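Q: I'll drop the sequence and a predicted model, then ask my questions.
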Amino acid sequence: MSCKPLIGINADFRAAARSVPAYAYLASGYFQSILKAGGVPVVVPPLDDLDSVHALLQGVHGFVFIGGGDLDPRNDGFMLHPSVRPLDPARESSDRMLMNEVAERRMPVLGIGTGMQLLNIQQGGNLFLDIKEDLPNAVPHFDAQDANHRHTLDVVSDSLVGRVYGDGEIRVSSRHHMAIDEVAPGFRVTARCPDGVIEAIESEMMDWFAIGTQFHPECSAASALDIRIFEEFVDGVKESMDQRLRLVA
Ligand SMILES: N[C@@H](CCC(=O)NCCCC(=O)O)C(=O)O
């Protein structure tokens, strides 16, 4: 494929407060990693109508869903939990519309942190709302004093993360208090923390290149291998583009 793929990336959102205007924002590591991997990032602020979602997705070849606050469990029929720090409703509503359409179109997708959790929920899986309460024997997956908190990872060798990290000890960044409980149908677990917490999933469906990482390969403390996650994703998007071109040829 000669042209660079356009990769949509959602943005976080903070409503106006007193003298501070509302902001849409995202960590630069997300779009810098897409650029380094050979894609062209298209940052998408929260959208509030389906026509805009359709128009946007017509113009990109793949999508990255970023991390951030918590998906509100009440949107999935669960009770609110004291540990939950919900996303701004404007972002969550936009993310859910985008993920529904990305899934419908079988558009290549990489979900990171909250993005992976949304992918899993949208596809019929669910979440532990609080690791400390639901998985009391788990190691710490969040350190308020250390933005670069890391833990080790066990990967499935015949998977995207397995190809990226190979053998040997792997340490990844971790900033989450929720985790995948039941994996969505059509997806498999491809990495876990040694305590059993799910850290990566990928689609087993032949017609959909979809992956998710609970850890953050875009973070400022990312290892030299982490960028390979984005390279594998961009290569997958290019392959998807080539397949679509062959279908119409
Ligand atoms: N809120 C979820 C997902 C965690 C996540 O995306 N963490 C990255 C946060 C980066 C940031 O601070 O914006 C959970 O806690 O499980």
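A: Yes, it's here.

Q: which residue is nearest the middle of the chain?
A: Most central in the chain under CA atoms, centre = their mean is G111, positioned 1.7 Å from the mean C-alpha point.

Q: Could you measure from it over to G8?
A: Relative to G8, G111 is positioned 12 Å away (CB to CB, to the nearest Å). No exception for glycine: its C-beta is placed from N, CA and C like everyone else's.

Q: Ok, P21 next?
A: Separation of P21 from G8 (CB to CB) stands at 24 Å.

Q: which of the two has more neighbours?
A: Higher neighbour count among P21 and G8: G8, with 22 against 8, using other CB atoms under 10 Å.

Q: Beta-bridge partners for that one, please?
A: In this entry, G8 is beta-bridged to V42, F63, by DSSP bridges.

Q: neighbours around the residue nearest to R163 when sequence neighbours are not counted, how many?
A: By the measure of CB to CB, 6 or more residues apart in numbering, the closest residue to R163 outside its immediate chain neighbours is E232, 6.8 Å from it. Under the neighbour criterion other CB under 10 Å, E232 is assigned a count of 18.

Q: what helix or strand is E232 on?
A: Using DSSP states H and E, E232 maps to helix 227-248.

Q: cool, S52 as well?
A: In the assignment (DSSP H and E), S52 maps to helix 50-58.

Q: now K132
A: Following DSSP H and E, the helix or strand that holds K132 is helix 131-134.

Q: Could you tell me the average pLDDT over that helix, please?
A: Confidence over helix 131-134 (mean pLDDT, whole number) is 97.

Q: Common neighbours of G111 and G8, please.
A: With CB atoms under 8 Å, 6 or more residues apart in numbering applied, the overlap between the contact sets of G111 and G8 consists of V64.

Q: hang on, the earlier thing: can you give the contact residues for the helix holding K132?
A: In contact with helix 131-134 (CB under 8 Å, 6+ apart) are residues 81, 83, 128, 138, 141, 176-179, 181, 197.

Q: The helix or strand just after it near the ligand at all?
A: Along the chain past helix 131-134, the next helix or strand (assigned with DSSP H and E) turns out to be strand 150-152. No: applying CB under 6 Å from any ligand atom, one finds strand 150-152 separated from the ligand by no less than 13.2 Å.

Q: any idea of the mean pLDDT for strand 150-152?
A: Per-residue confidence for strand 150-152 averages out to 94 on the pLDDT scale.

Q: G38 belongs to a strand?
A: No: using DSSP: H, G, I helix; E, B strand; the rest coil, the secondary structure at G38 is coil, not a strand.

Q: got a pLDDT number for it?
A: As predicted, G38 sits at a pLDDT of 97.

Q: How about the helix or strand containing S93 and the ligand, touching?
A: Assigned by DSSP H and E, S93 belongs to helix 89-105. No: taking CB under 6 Å from any ligand atom as the criterion, helix 89-105 and the ligand are apart, separated by no less than 11.1 Å.

Q: Tell me the residues on this protein that lie near the ligand, please.
A: If contacts are counted using CB under 6 Å from any ligand atom, the residues of the chain sitting beside the ligand are 67-70, 113-114, 117, 175-178.
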